Each structure stands twice: as structure tokens, then as C-alpha cells.
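K.L.:
Below is the sequence, then the predicted model.
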Amino acid sequence: MVSLFTSYFLPLVLVASIFNFQTSLCDISADEALIAGICRQVQDPPFCLTTFRQILAHPYVPEEVTRAAIAQSLQNANNNHAFIVAAKAAAKDKVTQDLYAICDVGYGLMKTILQDAAQSLANKNYIALENDLSKCPRFVSDCQNALGSKTTPEMLDRSRKQFDLLIMSNVAEGLIKK
């Protein structure tokens, strides 16, 4: 009797396992296609892919991808803001301090707007979310433009990553079914 049960049950388990494995591969493939599509739109696709793979768990859904991108963008904005405040304090001349003051204000506002965006996403207020995210790149470009020739390679790298994170957030938000 046991062998009869085993002879029917074992093939069923095997078929179910194969189906589950193939379905999982399809899901992972679709997940990778989702983030690859987003990452094709940024300046540094490897940075984008690495970031998403570090902060997301399968399955990738647009709402979660957007939430993660906003959270990472906010964390980066906080780090950049602290860097800017320190650079402003360390600046030896008034002109450089004033230029960093522009960045200080801009990144401070961007942090507030990113917090609002995260709340809008949580509340499924997609119009406010889109509006919030559309404002943020300007703060980065305003800072870059203000610093001009006084910018440092580190600040350029920080700005590039911030832009990419903001693009990642914007593109992911556009994938949400509203």
C-alpha cells in the first residue's frame, strides 16, 4: 500500500516542484526586467542595479520599488546634506560659504519633499507623489550650478548618485498602476 501511494505521490511532488521552480524563474526574470528597465534610464546603470538588488527582495512590484528608491534617495540626501553642512563650515572664504548655503537650503528642502513623497506613496496619493518627485532634481542641479567651478570631485559624485536615485524614484513611480 505504501509503495502504491509513493508511486503516485512522488511524481506529483516532482511535477509541482518543477512547475514552482519554473514559475520562480519567470518571476525573477520579470523582476530583473523591471529594475533593468528603470536602470537603463539613469547615468550609472550598474549603480542603479546594485542599489536595487541590495535594498529589494523578490517579488519586485512597482509600489515597493518606488518606496525603496524614495527611501534610498532620502538616505542619500541626508548624507549629502550633512556633507554640505560640513563643507560650508570648513570653507575659508565667504563666497564659498554662501555657495554651500544654497546647497544647504536646497538639500534641506529636498529632504522634506522626499519625506512628503514617501507619505504620499503610503497614502496612495499618486498625484501628490508625482508632484513631489518632480521637484527634487532641481535642488541637485541648483546646487551644482551654484558651486560651478568650486565643486569638488566628491560633490560631483554625490550629485550624480542623487540624480540617479531621483530618476529611479520617478521612473518606478510611473510604473505604478493607478
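P.N.:
Yes, it's here.
K.L.:
after the lowest-mean-pLDDT helix or strand in the chain, next one along is what?
P.N.:
When each helix and strand of the chain is scored by mean pLDDT, DSSP states H and E, helix 2-39 comes last, with a mean of 59. Downstream of helix 2-39, the next assigned helix or strand under DSSP states H and E is helix 45-55.
K.L.:
Just want the angle from the next helix or strand after that next one to helix 45-55.
P.N.:
Remark: after helix 45-55, the chain's next helix or strand is helix 62-90, criterion DSSP H and E. Relative orientation of helix 62-90 and helix 45-55, computed by axes from the mean of the first three to the mean of the last three CA atoms, to 10 degrees: 110 degrees.
K.L.:
which of the residues in helix 62-90 are buried?
P.N.:
Neighbour counts over helix 62-90 (16 or more other CB atoms under 10 Å) mark 62-63, 65-74, 76-77, 80-81, 83-85, 87-88 as buried. C-betas here are computed from N, CA, C, even on glycine.
K.L.:
what does stretch 114-133 give?
P.N.:
Neighbour-count burial for stretch 114-133 flags 114, 116-118, 120-121, 126, 129-130, 132-133 (criterion: 16+ other CB under 10 Å).
K.L.:
unless I'm mixing things up, residue 36 is touching residue 46, no?
P.N.:
No. Between residue 36 and residue 46 there is no contact under CB atoms under 8 Å: 11.3 Å.
K.L.:
Give me the more crowded residue out of the two.
P.N.:
residue 36 (13 against 9; other CB atoms under 10 Å).
K.L.:
Hmm, residue 102 and residue 88 touching each other?
P.N.:
No. Applying CB under 8 Å, one finds residue 88 not in contact with residue 102, separated by 9.7 Å.
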